[in-house]
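A.B. asks: Next comes the sequence, and after it the predicted model I'd like to discuss.
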Amino acid sequence: MAIEVCPTCPVSSIVQAVEMAEPGEEIVVRGGTYREGNIAIKKSIQLRGVDFPVVDGENQYEIFTIQAPGVTIEGFRLINAGKSTLVDMAAIRVDHQRHFSICGNEIQNAQFAIYLAYATDGIVEDNFLEGEAQDEISSGNGVHCWYARRLFIANNTILRHRDGIYLEFTDSSRIIGNWSEHNVRYGLHFMFSNNDVYNDNTFLNNGAGVAVMFSKKIGMYRNRFERNWGTASYALLLKEIYDADLQHNLFISNTIGILMEGATRIEYKNNLFLSNGWAIQMTGGCIDNHFTENAFVSNSQDMVVNSSVNNNTFDGNYWSEYAGYDLDRDGFGDVPHRPVKLFSYITSQTPEAIVLLRSFFVDLLNFAEKVSPVLTPANVLDNKPLLQQPTT
């Protein structure tokens, strides 16, 4: 039989119920407000909220700390977890444990909403996490993962944190169907994490959408990157990343679609770049990348490449600015397309020149370079540009 907690029950404290519970037992917490914190769960028990009981950390305490395997926390509204400039405090912390489940909770006004340290085989699903981040220094992350493995982070809504989801030294995990919006730094942030997949997520109006850094074997599928705007913003940063796959993603109305630096052996296929400032910016150390069946539509500039060494391929993509023809009607343009325009090259060297973007002078520059290429990279071209936009 479950232990029942409510304001008028014989057991009116969550801490008391946790102390009473035997391993494997369930605690059912009824609606009400519980001003408790530092609730250490050292047994394999399940805590389930009914009618979203409120647990208030009173801006002083970490609320739940999971210190046993097989713990479930479900159906709570956690507010006002403690904040500190010296230690990372969270509404829910998992400390060196596995087989946990954190599902269907609402967490508001926490520095770190969910903090997973040395955590394995856990589920974080269907939570609503809303912080009050104003800057990077004083804020924490929505879901913070540190030295973790085989996590399943799915269908969470994450708002106004430093990073929506942060993974460092976190391997073999899946991030699926999350909505990450209005976060100060990144919607999703990878550091030194390998063999992970993120798909079907939305990254909207963040400082920047997603950063994948110093990682390898990352799968990126069917995500939506939209309106990540700012002077130094981008939808996706790929920095020192190897052997990745990027397919069926949407990049819509971002300052930069993808910023690449030291990105190697990556397949870009069936992605749509629509109405971005720059669709692709490729800097040094990007080799053995392949772009095919992508669609570049109505971007201010489709591509900037700042590297003289380039063995990347760009064949078989759709470019809305392509002005060639298809006499043999095989679906491919008969004339190669050069996606790097002279003005793109100029603005990469002198960013202030962007003020001339819509001028007639720029049109003349681009036309002259198209007729007789001199400054733009000769080996960045699509030899088989598509005449019809592929389905992405």
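C.D. replies: Done, it's in. All values derive from a computational prediction rather than experimental measurement.
A.B. asks: any idea which helix or strand comes after the strand or helix carrying D245?
C.D. replies: Using DSSP states H and E, D245 sits within strand 236-247. Next in sequence after strand 236-247, counting helices and strands by DSSP H and E, comes strand 250-252.
A.B. asks: surely G37 meets E58?
C.D. replies: Yes: the pair G37 / E58 is scored as a contact, 6.8 Å apart, by C-beta atoms under 8 Å. Every C-beta, even on glycine, is put in place using the N, C-alpha and C of the backbone.
A.B. asks: Now for the two: what residues contact both?
C.D. replies: Common contacts of G37 and E58, defined by C-beta atoms under 8 Å, 6 or more residues apart in numbering, comprise G82.
A.B. asks: Find the residue ranges of this structure scoring beneath the pLDDT cut-off.
C.D. replies: Within the chain, the segments meeting pLDDT under 70 span 231-232, 307-309, 342-378.
A.B. asks: Report the central residue of it.
C.D. replies: L188 (2.6 Å; C-alpha atoms, centre = their mean).
A.B. asks: mind checking the SS state of it?
C.D. replies: strand (DSSP: H, G, I helix; E, B strand; the rest coil).
A.B. asks: I137 now?
C.D. replies: I137 - assigned by three-state DSSP - is coil.
A.B. asks: sorry, back to before: which outside residues touch the strand holding D245?
C.D. replies: 208-222, 225, 251, 257-271.
A.B. asks: Just the buried residues from those residues, in ChimeraX please.
C.D. replies: Listed next is the ChimeraX selection for buried residues among those, using 16 or more other C-beta atoms under 10 Å:
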select :208,209,210,211,212,213,215,216,217,218,220,221,222,225,251,257,258,259,260,261,262,263,264,266,268,269,270,271
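A.B. asks: neighbours around the spatially closest residue to G31 that is not a sequence neighbour, how many?
C.D. replies: Excluding the flanking residues, the one nearest G31 by C-beta to C-beta, 6 or more residues apart in numbering is D51, at 3.4 Å. By the criterion of other C-beta atoms under 10 Å, D51 has 12 neighbours.
A.B. asks: Would you agree D51 is in contact with T33?
C.D. replies: No: using C-beta under 8 Å, D51 is not in contact with T33; the gap is 11.7 Å.
A.B. asks: Kindly indicate whether K216 is helix, strand or coil.
C.D. replies: Quick answer, by three-state DSSP: K216 is strand.
A.B. asks: So the protein: which segments form each domain?
C.D. replies: 1-186, 207-340+377-392 (automatic domain parsing).
A.B. asks: Span of the shortest one from start to end?
C.D. replies: Between the opening and closing residues of domain 207-340+377-392 we find a distance of 26 Å, counting by C-alpha to C-alpha, to the nearest Å.
A.B. asks: gap between A263 and K269?
C.D. replies: Applying C-beta to C-beta, to the nearest Å, the value for A263 to K269 is 15 Å.
A.B. asks: Then V29?
C.D. replies: Taken as C-beta to C-beta, the span from V29 to K269 is 48 Å.
A.B. asks: if I pick N127, what's in contact with it?
C.D. replies: So N127 contacts I102, C103, G104, N105, E106, I107, A113, I114, N156, T157 (C-beta under 8 Å, 6+ apart).
A.B. asks: Restricted to helices, list these.
C.D. replies: When DSSP state H is applied, the contacts of N127 are split such that none fall in helices.
A.B. asks: Columns neighbour count and distance to T120 on top of these, output as CSV?
C.D. replies: CSV is the format used below for the contacts of N127 (neighbours: other C-beta atoms under 10 Å; distance: C-beta to C-beta, whole Å):
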residue, neighbour count, distance to T120
I102, 28, 14
C103, 18, 17
G104, 17, 22
N105, 26, 20
E106, 19, 26
I107, 27, 22
A113, 31, 20
I114, 30, 15
N156, 28, 19
T157, 17, 25
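A.B. asks: Could you single out the nearest of the residues you listed to W229?
C.D. replies: Distances from W229 to these, taken as C-beta to C-beta, are shortest for T157 (20.8 Å).
A.B. asks: right, and the closest one touches W179 too?
C.D. replies: Yes: between T157 and W179 there is a contact at 4.7 Å, judged by C-beta under 8 Å.
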